[in-house]
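[1] no sequence for this one, just the structure:
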């Protein structure tokens, strides 16, 4: 049983590689919900959807998000109406949000809806939102508080961040399924996702950090930072702005006490001794999942 | 100043003909909201949209509802997901509902959103929901209570109706704009809409019926029933099921005391004396708006 703490794209690729190398029914993703949002009345869960779409083989590799073969009829019309069209939702993708929102209105939980969507798409990995309670990541900036998607999509992360707020995290409860997945896992994995805005919201749900700490010898983490730069997104910049070392070492320090084994990229091999000096074991391999072979190699390292 | 109490398609056609014959800025539609619904988290206002689309020249004449040049990407995908796809929402049409729902979430009223959409579409007739408060028409049947769209769309009105309920009507307030439009009108028109489920929900908003009664000599009504049959929809059947005469006379009796002048179709000319005996004047003309000439003739009769 493998349980993976997951953000969006990086985690989705790792999960896909893991499920190619290992029986998917024994793999569970515990997924960040801090960047979920309500827009146009629709509940949108970007990380859950990225993982579902990727594991279903439906992800749009050109865009890096959303579904393949996508069209934009609704957004084009919404833009013509002068509506809020900065958060681009494709026509097929919208069906997911309509389905989810209707089911939530009917009383289903986010966990249930996620399972239904995964089943419709033939995904056999178990995909779990870390909580069914409200939890939203906000960016405190010089220009005021921004929601996750305002910072990320509307402002293209071009504004200096002073601090992060995880609204609702203290009151959020991990679902029973999440608690069980943390308990039953023989290997716990922290995906190469943004440590501050993808993984930290998961760790802040009461009980999750403690569960990892108690089992840190079974925890494997992959650094999302290579040679001081994020593989994707603004992780390096955010680390710097929030006072952390923007190298793999900075991430190691963020997860202090939680990780038994670090997997770092060959390009960062010189950091291995520094990490070992802090306690964890270190595996050096290719961590960029540029092609299926690389992803398979990383999956092997995680499973080894 | 002409103010028209309006349901959907029949009212929309009349309004189009009136605005061809008269300055549209002097025409106001007060529109039924009893069949508005929330589905997939989206607020959908079928009558308001039918009127806006028709006056904008964007209505889909083939379907009899929705927008022309429509596509169905979202609904097809939603159906594939096993979602609630019985209420068909086209891709362009969905943009309207996303726009409206987002604006309502931001605190705008339905009246404001309706005005914004009309303006975007270049519509110069003033389109007003009768109220910004909740009001929903429900059908009490042997199979339980059905919402408007469950009865109309999902069940294709194939279930016997015992009674109607107008949930929220007693507490609903007409908007200031509606009250002003009733007061300022030199002619008040009841469109050839379903009297029980399109016009009655308007009349039940406190103050509206009294406003018409006080000015009944200025009220012109067009019967939606010709030779005992509805021009469109199940009005005749509903009249019978609910104990009314399913002829133009039945509609005349429903609006007793409210109407100064009735416009009935030539095919019902023999009813003119019976109607006059009840008090109102009667104009006999073609009331079916089968083509633009017919619609223009009806508009002339209304304006005469």
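    That came through fine. Every value quoted in this text rests on a predicted model; they were computed, and no experiment measured them.
[2] how about the residues of chain A that lie near chain B?
    Counting by Cβ under 8 Å from any Cβ of the partner chain, the residues of chain A close to chain B are A:38-43, A:71, A:73-78, A:80-84, A:91-92, A:94-99, A:101-102, A:104-105, A:116-117, A:120. Every residue, glycine included, has its C-beta placed from N, CA and C.
[3] Give me the longest helix you can find in chain A.
    The single longest helix within chain A, with elements called by DSSP state H, is helix A:91-105.
[4] Contacts for that helix, please.
    A:41-45, A:49, A:66-67, A:69-74, A:89, A:110, A:112-113, A:116-117, B:38-42, B:73-78, B:80-84, B:91, B:94 (Cβ atoms under 8 Å, 6 or more residues apart in numbering or on different chains).
[5] what angle do it and helix B:91-105 make?
    Counting by axes from the mean of the first three to the mean of the last three Cα atoms, to 10 degrees, helix A:91-105 lies at 50 degrees to helix B:91-105.
[6] quick check: mean pLDDT across helix A:91-105?
    Within the predicted structure, the mean pLDDT of helix A:91-105 is 98.
[7] so how far is that helix from its chain's centroid?
    Taking Cα atoms, centre = their mean, to the nearest Å, one finds helix A:91-105 lying 20 Å from the centre of the chain it belongs to.
[8] Same question for stretch A:166-178.
    The chain centre lies 16 Å from the centre of stretch A:166-178; the measure is Cα atoms, centre = their mean.
[9] same thing with stretch A:187-195?
    Stretch A:187-195 sits 8 Å away from the centroid of its parent chain (Cα atoms, centre = their mean).
[10] Then stretch A:290-304?
    18 Å.
[11] Give the buried residues for that stretch.
    The neighbour-count criterion (16 or more other Cβ atoms under 10 Å in any protein chain shown) identifies A:294-299, A:301-302 as the buried residues of stretch A:290-304.
[12] Give the buried residues for the longest helix of chain A.
    Under the neighbour-count criterion of 16+ other Cβ under 10 Å, helix A:91-105 has A:91-104 buried.
[13] try stretch A:23-41
    For stretch A:23-41, the neighbour count (16+ other Cβ under 10 Å) marks A:24, A:26-41 as buried.
[14] With stretch A:158-168 instead?
    Of the residues in stretch A:158-168, those scored as buried under the neighbour-count criterion (16+ other Cβ under 10 Å) are A:159, A:161, A:164, A:166, A:168.
[15] Inside strands: which ones of those residues?
    Judged by DSSP state E, these include A:161, A:164, A:166 as members of strands.
[16] May I have the beta-bridge partners of the first one?
    With DSSP bridges as the criterion, the beta-bridge partners of residue A:161 are residue A:141.
[17] buried sites along the helix or strand containing residue A:113?
    Taking DSSP states H and E as the criterion, residue A:113 maps to helix A:110-120. With burial defined by 16+ other Cβ under 10 Å, the residues of helix A:110-120 counted as buried are A:110-111, A:113-118, A:120.
[18] Quick check: of the buried residues of stretch A:290-304, which lies closest to chain B?
    When these are compared for distance to chain B (Cβ to the nearest Cβ), residue A:295 wins out at 27.8 Å.
[19] Confirm the closest one sits in a helix?
    Yes: applying DSSP: H, G, I helix; E, B strand; the rest coil, one finds residue A:295 inside a helix.
[20] OK, contacts around it?
    Residue A:295 makes contact with A:13-14, A:16-17, A:20, A:289 under the criterion Cβ under 8 Å, 6+ apart.
[21] Give me the nearest residue to residue A:254, chain neighbours excluded.
    For residue A:254, the nearest residue in space outside its immediate sequence neighbours is residue A:195; the separation is 5.0 Å by Cβ to Cβ, 6 or more residues apart in numbering or on different chains.
[22] So that neighbour is in contact with residue A:235, correct?
    Yes: checked against Cβ atoms under 8 Å, the pair residue A:195 and residue A:235 is within contact range at 6.9 Å.
[23] tell me, what's touching those two both at once?
    In terms of Cβ under 8 Å, 6+ apart, residue A:195 and residue A:235 are both contacted by the residues residue A:224.
[24] Name the nearest residue to the residue of the stretch 201-304 of chain A found nearest chain B, sequence neighbours excluded.
    As assessed by Cβ to the nearest Cβ, chain B sits closest to residue A:201 within the stretch 201-304 of chain A, at 23.4 Å. In this structure, residue A:201 finds its nearest non-sequential neighbour in residue A:34, 3.4 Å apart by Cβ to Cβ, 6+ apart.
[25] okay but that neighbour is in contact with residue A:134, surely?
    No: assessed by Cβ under 8 Å, residue A:34 is found out of contact with residue A:134, at 10.2 Å.
[26] So which of the buried residues of stretch A:23-41 belong to strands?
    Per DSSP E, the subset of the buried residues of stretch A:23-41 in strands is A:27-31, A:37-39.
[27] how close does residue A:183 sit to residue A:210?
    Separation of residue A:183 from residue A:210 (Cβ to Cβ, to the nearest Å): 12 Å.
[28] before we move on, what about residue A:140?
    Separation of residue A:140 from residue A:210 (Cβ to Cβ): 27 Å.
[29] Kindly report the same for residue A:244.
    Remark: distance between residue A:244 and residue A:210 (Cβ to Cβ) = 22 Å.
[30] what does residue A:220 give?
    Distance, residue A:220 to residue A:210, using Cβ to Cβ: 18 Å.
[31] What of residue A:164?
    From residue A:164 over to residue A:210 the distance is 21 Å, taken as Cβ to Cβ.
[32] Next up, the contacts around residue A:195.
    Applying Cβ under 8 Å, 6+ apart, one finds that residue A:195 lies in contact with A:224, A:235, A:239, A:251, A:254-255.
[33] Mind checking which of those residues are in helices?
    Among the contacts of residue A:195, the residues falling in helices (DSSP H) are A:235, A:239, A:251, A:254.
[34] which residues touch the second one?
    The one in question is residue A:239. Taking Cβ under 8 Å, 6+ apart as the definition of contact, the neighbours of residue A:239 are A:195-196, A:225, A:245-246, A:250-251.
[35] Now with 7 Å, please.
    Remark: with contacts taken as Cβ atoms under 7 Å, 6 or more residues apart in numbering or on different chains, residue A:239 is in contact with A:196, A:245-246, A:250.
[36] Tell me, how many residues neighbour residue A:151?
    Here the count is done by other Cβ atoms under 10 Å in any protein chain shown, and residue A:151 has 24 residues near it.
[37] what does the one 5 residues further on give?
    By the measure other Cβ under 10 Å, the count of residues near residue A:156 is 9.
[38] if I look at it, how far off is chain B?
    In this structure, residue A:156 and chain B are 21 Å apart, going by Cβ to the nearest Cβ, to the nearest Å.
[39] so which strand or helix has that residue?
    Counting by DSSP H and E, no helix or strand carries residue A:156.
[40] and if you look at residue A:48?
    Here residue A:48, judged by DSSP H and E, is contained in helix A:46-55.
[41] For that helix, which outside residues touch it?
    Applying Cβ under 7 Å, 6+ apart, the contact partners of helix A:46-55 are A:6-9, A:11-13, A:15-16, A:19, A:29, A:31-32, A:35, A:59, A:65, A:67, A:96, A:114, A:117-118, A:121, A:123, A:125, A:127, A:129.
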